[in-house]
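*Asks:* Mind looking at a prediction? Sequence and model below.
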Amino acid sequence: NAGVTQTPKFRILKIGQSMTLQCTQDMNHNYMYWYRQDPGMGLKLIYYSVGAGITDKGEVPNGYNVSRSTTEDFPLRLELAAPSQTSVYFCASSYSGRGIKLSEQYFGPGTRLTVT
Amino acid sequence: GESVGLHLPTLSVQEGDNSIINCAYSNSASDYFIWYKQESGKGPQFIIDIRSNMDKRQGQRVTVLLNKTVKHLSLQIAATQPGDSAVYFCAERGVSNFGNEKLTFGTGTRLTIIP
């Protein structure tokens, strides 16, 4: 299994541009998450999904959108990039169901985004 | 507006010494806890977990202690090595407002091993 993969690894955006951060997992996990991590800081949850077609806001959803049309993919959309969105973005997935309780999250390698 | 984050607490330990990283969790109903390690430029990786019906669990050079009375979790790393330098996060499993299970991450602690 490849686990959780993210593309691109790095991106520089100009203020006001849009982009989509891609996230794919091949572990058949129903839960998926997007976090951002600012330099020297902890993880902040942006959005999460408990299954295809179901998404919900985390701590810091403003300026972002998500969709979950398949189990494998959970893209994160930035519509009007702002300097405050300069950060490292991590996607993660985990599984819960059929008598199995939610356990560890598996993280992707991250996307480093700079908005100037 | 969005919440303003705090910079990570830091801990410096001499190589070969033992280190203890602490974490206070918020939900007395949380039933499962995880420690993650995040090396520079990488995503967090699972180290060790513990269920709420346990007080202690040991891995290779790592021990997690759980004190439910004071809602405190600690990670002990024995005989630290330069490769232990990283940010360490604790996470607790609880239930969201919508009835789903969720993991909540702590702020994290930056551990630096001094050669």
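*Replies:* Looks like it came in fine. Residues are numbered from 1 along each chain as shown, chains lettered A, B, ... in the order given.
*Asks:* C-alpha from now on. contacts and neighbour counts both.
*Replies:* Fine.
*Asks:* Walk me through which strands the helix or strand bottoming out on mean pLDDT in chain B pairs with, and which way each runs.
*Replies:* Every helix and strand in chain B was compared by mean pLDDT, DSSP states H and E; the lowest is strand B:101-105, with a mean of 81. Strands that pair with strand B:101-105, judged by DSSP bridges, come out as strand B:86-95 (antiparallel).
*Asks:* nearest residue to B:Gln76 other than its sequence neighbours?
*Replies:* Nearest residue to B:Gln76 in three dimensions, chain neighbours excluded: B:Ile20, at 4.5 Å (CA to CA, 6 or more residues apart in numbering or on different chains).
*Asks:* What sits closest to the residue sitting nearest the centre point of chain B if chain neighbours are left out?
*Replies:* Centroid-nearest residue in chain B, with CA atoms, centre = their mean: B:Cys90, separated by 2.9 Å. Distance criterion CA to CA, 6+ apart; nearest residue to B:Cys90, sequence neighbours excluded, is B:Trp35 at 4.5 Å.
*Asks:* My read is that that neighbour contacts B:Arg57, right?
*Replies:* No. With contact defined as CA atoms under 8 Å, B:Trp35 does not reach B:Arg57; the gap is 11.6 Å.
*Asks:* Where does the prediction get shaky in chain A?
*Replies:* Residue ranges of chain A with pLDDT under 70: A:99-100.
*Asks:* Show me the strands in it, by range?
*Replies:* Along chain A, the segments classed as strands by DSSP state E run A:4-7, A:10-13, A:19-25, A:31-37, A:43-51, A:54-57, A:64-66, A:76-78, A:87-94, A:106-107, A:111-115.
*Asks:* One more: chain B?
*Replies:* Applying DSSP E to chain B gives strands spanning B:10-14, B:19-24, B:32-38, B:45-51, B:56-58, B:62-67, B:72-77, B:86-95, B:101-105, B:109-114.
*Asks:* Where among the ones you listed is average confidence lowest?
*Replies:* Mean pLDDT is lowest for strand B:101-105 out of the strands of chain B, coming in at a mean of 81.
*Asks:* now that strand: how far from the chain's centre is it?
*Replies:* Chain-centre distance of strand B:101-105: 13 Å, with CA atoms, centre = their mean, to the nearest Å.
*Asks:* Tell me which residues of that strand come out buried.
*Replies:* Buried residues in strand B:101-105, defined by neighbour count with 16 or more other CA atoms under 10 Å in any protein chain shown: B:Glu101, B:Lys102, B:Leu103, B:Thr104, B:Phe105.
*Asks:* who are the neighbours in contact with the third one?
*Replies:* Shown here is B:Leu103, whose contacts under the criterion CA atoms under 8 Å, 6 or more residues apart in numbering or on different chains are B:Ala91, B:Glu92, B:Arg93, B:Gly94.
*Asks:* Report the beta-bridge partner residues of the third one.
*Replies:* Each beta-bridge partner of B:Arg93 is listed here: B:Tyr32, B:Leu103, as defined by DSSP bridges.
*Asks:* Having no further points to raise, I will conclude here.
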